[in-house]
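**Student:** Predicted model follows, preceded by the sequence.
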Amino acid sequence: MPEPTATIPVASVPEPEPSPALPPEPPRQRWFLRFTLAQRYLHAVLFTTFLVLAATGMVMRFSGSIWAIRLARQVGGFGAILFFHKFCALILTLAFLIHVRDIFARGLFKREKGIFWGPTSMVANWKDVKDLFAHFRWFLGMGPKPKFERYAYWEKFDYWAVFWGMVVIGFSGYAMWFAPTFARFLPGWALNAALIIHSEEGLLAILFIFAIHFVNTHLRPDSFPMDYVIFTGRESEEEFKHRRPLEYQRMLAEGRSATRITDAPPKWLINFSRVVGFTAILIGLTLLILALSAYFVG
């Protein structure tokens, strides 16, 4: 009989343990374009020239103050201060005229909708009046917070304040600069009035920009300590929905979200925005303190 063959036991291979489930990736933050590159460049020219005009104008307005005399000496005297003041006035005027030309070209010749009226226009409408009173009721805890469109009422007020300043401050400034020409069709007292108007309205503009505009734009709870959108041109989807829910809903309803989606701002642009923004705020607050001290103390 054949001998039974011995069976060799085979070691059992353990089954691999199931890998732990990875947590789901958080949804990627989307970014939307708010301001174009041209609009950001225009704002950069606007606030740069305004800061120089404010600084040089205050030095001449309070020329008897110790800080004004010392600052004028650092740049070559009051003649140099006047030169920088006039130079920035020309640059600001040119930028303003280019902007006005662009607005009318888009609204009248290209027939773009929403330039002079509608939810995307900078022209105030009845909704802005209702938003103003609703906002005050919300401040007092008497009602819900109003929902804003592309531009809130205070942004429109800031925008049109520039037009007011360019007309009043600009005209009076050029009247003093080219006094012999303006004297041909203006009485002598009008040129004296231009000096007072230019000085007082300029000081009012400085107080408004540094005490109101800076607070509304950067120091309010929604943006503190800095609103970078004017520098980067972009804002996150959460910011978009929170700040301007009506525009966000209208964009989705019209199917235009894909046209507004953009890349997240690069790190260098965020850092650059911080440096520029905080520098401007620091200069503005310094000029505001100097203006108040010179005006009330002497």
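**Tutor:** Structure's in. What do you need?
**Student:** how about Met176, what does it touch?
**Tutor:** When the contact criterion is C-beta atoms under 8 Å, 6 or more residues apart in numbering, the partners of Met176 are 191, 194-195, 198. Bear in mind the C-beta positions are built from the backbone N, C-alpha and C, glycine included.
**Student:** Among those residues, name the buried ones.
**Tutor:** Listed as buried from these are 194, 198; burial here means 16 or more other C-beta atoms under 10 Å.
**Student:** what's the closest of the contacts of Met176 to Asp128?
**Tutor:** His198 (30.0 Å; C-beta to C-beta).
**Student:** Any buried residues in the strand or helix carrying that closest one, and which?
**Tutor:** In this structure, His198 sits in helix 188-208 according to DSSP states H and E. For helix 188-208, a neighbour-count test (16+ other C-beta under 10 Å) marks 194, 197-199, 201-203, 205-206 as buried.
**Student:** mind checking pLDDT for the nearest residue to Glu238 once chain neighbours are set aside?
**Tutor:** Using C-beta to C-beta, 6 or more residues apart in numbering and skipping the chain neighbours, the partner closest in space to Glu238 is Gln29 (7.5 Å). The score at Gln29 is 83. That number is its pLDDT.
**Student:** mind checking how far the helix or strand Ala89 falls within is from the chain centre?
**Tutor:** Using DSSP H and E, Ala89 sits within helix 78-104. Per C-alpha atoms, centre = their mean, to the nearest Å, the displacement of helix 78-104 from the mean C-alpha position of its chain is 19 Å.
**Student:** Tell me the one of the contacts of Met176 nearest Leu46?
**Tutor:** His198 (18.8 Å).
**Student:** So the residue nearest to Glu238 belongs to a helix, correct?
**Tutor:** No - assignment of Gln29 by DSSP: H, G, I helix; E, B strand; the rest coil gives coil, placing it outside any helix.
**Student:** Tell me the spacing between it and Leu140.
**Tutor:** 34 Å (C-beta to C-beta, to the nearest Å).
**Student:** tell me the SS of Pro144?
**Tutor:** Pro144 ends up coil, using three-state DSSP.
**Student:** Excluding sequence neighbours, find me the nearest residue to it.
**Tutor:** Trp138 is the one closest to Pro144 (C-beta to C-beta, 6+ apart), at 6.5 Å.
**Student:** That neighbour contacts Lys145, doesn't it?
**Tutor:** Yes - with contact defined as C-beta atoms under 8 Å, Trp138 reaches Lys145; the gap is 4.6 Å.
**Student:** So in this protein, where's the weakest helix or strand by average pLDDT?
**Tutor:** helix 214 (a mean of 81; mean pLDDT, DSSP states H and E).
**Student:** Give the other helices and strands that it contacts.
**Tutor:** Helix 214 sits against helix 267-296, with contacts defined as 3 or more C-beta pairs under 8 Å, 6 or more residues apart in numbering; DSSP states H and E.
**Student:** and the angle from the helix it packs on to helix 188-208?
**Tutor:** 130 degrees (axes from the mean of the first three to the mean of the last three C-alpha atoms, to 10 degrees).
**Student:** same question for helix 267-296, mean pLDDT?
**Tutor:** Rounded mean pLDDT across helix 267-296 is 85.
**Student:** any idea how far it is from the chain center?
**Tutor:** The answer for helix 267-296 is 13 Å, by C-alpha atoms, centre = their mean.
**Student:** So which bits of it are buried?
**Tutor:** Buried, per 16+ other C-beta under 10 Å, within helix 267-296: 273, 276-277, 280-281, 283-284, 287-288, 290-291, 294.
**Student:** From the residues you listed, pick the one nearest Leu97.
**Tutor:** Ala280 (23.7 Å).
**Student:** Surely that closest one and Leu51 touch.
**Tutor:** Yes - Ala280 lies in contact with Leu51 (C-beta under 8 Å); the separation is 6.5 Å.
**Student:** just to revisit the earlier point, can you convert the contacts of Met176 into CSV and add a column each for distance to Val45 and pLDDT?
**Tutor:** Below are these laid out as CSV (distance: C-beta to C-beta, whole Å; pLDDT from 0 to 100):
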residue, distance to Val45, pLDDT
Leu191, 29, 90
Ala194, 25, 93
Leu195, 27, 92
His198, 21, 94
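**Student:** Sweet, I'm off.
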